[in-house]
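Trainee: Sequence first, then the predicted structure, then my questions.
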Amino acid sequence: MLKILNFLIKKLITGLIKVYQFSVSPLLGNCCRFSPSCSNYCLIAIEKYGVVKGITKGLLRLSKCHPFHPGGVDLP
């Protein structure tokens, strides 16, 4: 039962990120200073580490998104 719940939460979160990627992200343009983009980074981190740790890593990555951080390639 717990595995099913974890699977559903994972699908919900990744679905929300993909909705953002296809609806909001194109309106903002290609302005990400990182590779992969923060949303792709979060998807990769969730797949690699699970929901809780993946979201945590994604939020930490978003906290680096400011003009004073050089950006670059940053893989989870």
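Mentor: That came in fine, so what should we check first?
Trainee: CA only for contacts and neighbour counts going forward, please
Mentor: Noted.
Trainee: any chance you could map the helices in the chain?
Mentor: All helices of the chain, identified by DSSP state H, fall at 2-23, 25-28, 38-49, 51-63.
Trainee: Please report the distance of Pro36 from Met1.
Mentor: 34 Å (Cα to Cα, to the nearest Å).
Trainee: any idea what sits nearest Gly50, other than its immediate chain neighbours?
Mentor: Leaving aside its chain neighbours, Gly50 sits nearest to Lys10 (7.7 Å; criterion: Cα to Cα, 6 or more residues apart in numbering).
Trainee: residue contacts, the one you found?
Mentor: 46, 50-51 (Cα atoms under 8 Å, 6 or more residues apart in numbering).
Trainee: any idea which of the residues you listed is closest to Leu62?
Mentor: Of all the contacts of Lys10, Ile46 has the smallest distance to Leu62: 14.5 Å, by Cα to Cα.
Trainee: Look up how far Ser37 lies from the closest one.
Mentor: 14 Å.
Trainee: higher neighbour count, the two?
Mentor: Ile46 (22 against 19; other Cα atoms under 10 Å).
Trainee: Might you report the residue contacts of the closest residue to that one other than its chain neighbours?
Mentor: Leaving aside its sequence neighbours, Ile46 sits nearest to Gly54 (Cα to Cα, 6+ apart; 4.0 Å). Contacts for Gly54 (Cα under 8 Å, 6+ apart) come out as 42-48.
Trainee: Leaving out the residues flanking it, which one is nearest to Gly72?
Mentor: Phe34 (4.8 Å).
Trainee: The one you found reaches Pro67, doesn't it?
Mentor: No - with contact defined as Cα atoms under 8 Å, Phe34 does not reach Pro67; the gap is 11.8 Å.
Trainee: More neighbours: which of the two?
Mentor: Phe34 (18 against 8).
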